[in-house]
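*Asks:* Build me a model:
(2 chains)
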Amino acid sequence: MADVKGTEMAVKEERVPVQEQKTRPVVVTPPVDIYELEDGVVLFADMPGVPKDKIDVEVDKNVLTIRGEIGQVVPKDITPLYVEFNGKAYERAFTLGPDVDVSKIEASMNAGVLKIFLPKSEEVKPKKIEVKVE
Amino acid sequence: MLRPWFSLSDPIWQDFDRLNREMERIFNENYFSPTVSSSQRVAIPAVNIGETADKIYIYLFAPGLDPKDLDLTIEKNMLTISAGRDTSKELEEDKKVTGYYRKERFSGRFRRVIALPEGLDTSSIDAKYSNGILAVTINKKEEEQTKKIEVKVS
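*Replies:* Numbering: from 1, shown residues only, chains lettered A, B, ... in the order given. Here you go, the predicted structure:
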């Protein structure tokens, strides 16, 4: 994909050599932010180019796998001139702790950002215990 | 350091974790992101450029932007794209963050300047933001377009 043809489009920045880009896998590990909240965990993953119908969130036992395929973005007859990103799909997996309520996981996709909410199961949510004064 | 209830007991994570702790100790701060993923990006955000017979296509991989915040300018043959996002504002305000496990995503403002080739009709620029990719299309000038010449058989 990374064709050197047309290098006259001098973009003056240091680049990873084209050769190295060629050998990179097309499945990319998306960068993530994972926050812990009082009632669960929220995960954000950057997966630009993935439409809603090409995203796949799966929990098998305690492994959460996120996968996304980049949809058809470029016209079929395009000739690459300059390529920094040559991913075709994203994939990443996480091991979940035993406290996640797997049945209540919510996922949404917006502008190439996948958001997953992993709620804590009821038993482990912090509870306030009222202290009665007699 | 946080005690994750999100299990990191998987041996591979322990290795990463140990490496990361070692790095933290050496640099005395969370200088390196804990996984390999962050090293995959050449620049933030990445740009791809391609052409067809009559158009130039520029793709900017910038997820999570508010399209209203995207600023595109073209001056002579320099296309400048600037925008930003604040990942700390992605959570609902009532959610209380008690800690984090990973912070690898880009947050802040960026600006990329792209030198365009000669022979473009910059009045015909079209920009579309969809699924986190900004696609900019610029027509080539009539005389620069690749033309197919029919060979007549006589």
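
*Asks:* What ranges does the chain have for its helices?
*Replies:* This is for chain A. Along chain A, counting by DSSP state H, helices occupy A:18-23.

*Asks:* I was thinking of chain B, sorry if that wasn't clear
*Replies:* Using DSSP H, the helices of chain B run over B:11-27.

*Asks:* Contact partners for the closest residue to chain B within chain A?
*Replies:* Closest to chain B within chain A is residue A:112: 1.8 Å, counting by CB to the nearest CB. From N, CA and C alone the C-beta is placed, and that goes for glycine too. Contact analysis of residue A:112 by CB atoms under 8 Å, 6 or more residues apart in numbering or on different chains lists A:46, A:47, A:48, A:49, A:50, B:61, B:63, B:64, B:131, B:132, B:133.

*Asks:* Give me the neighbour count for the first one.
*Replies:* Counted by other CB atoms under 10 Å in any protein chain shown, the residues lying close to residue A:46 total 28.

*Asks:* so where's chain A uncertain?
*Replies:* Applying pLDDT under 70 to chain A picks out residues A:1-25, A:125-126.

*Asks:* Any idea which residue is closest to the centre of it?
*Replies:* The centroid of chain A falls nearest to residue A:45 when counting by CA atoms, centre = their mean (3.3 Å).

*Asks:* Could you tell me which residues make contact with that one?
*Replies:* Residue A:45 touches A:30, A:31, A:32, A:66, A:90, A:92, A:113, A:114, A:116, counting by CB under 8 Å, 6+ apart.

*Asks:* correct me, but the second one touches residue A:48?
*Replies:* So that's residue A:31. No: counting by CB atoms under 8 Å, residue A:31 stays clear of residue A:48, with 10.9 Å between them.

*Asks:* more crowded one of those two?
*Replies:* When neighbours are counted by other CB under 10 Å, residue A:31 and residue A:48 differ, and residue A:48 comes out ahead with 28 against 24.

*Asks:* For the more buried one, give its distance to residue B:46.
*Replies:* Using CB to CB, to the nearest Å, residue A:48 is found at 9 Å from residue B:46.

*Asks:* Mutual contacts of these two, please.
*Replies:* Here residue A:48 and residue B:46 have residue B:61 as joint contacts, going by CB under 8 Å, 6+ apart.
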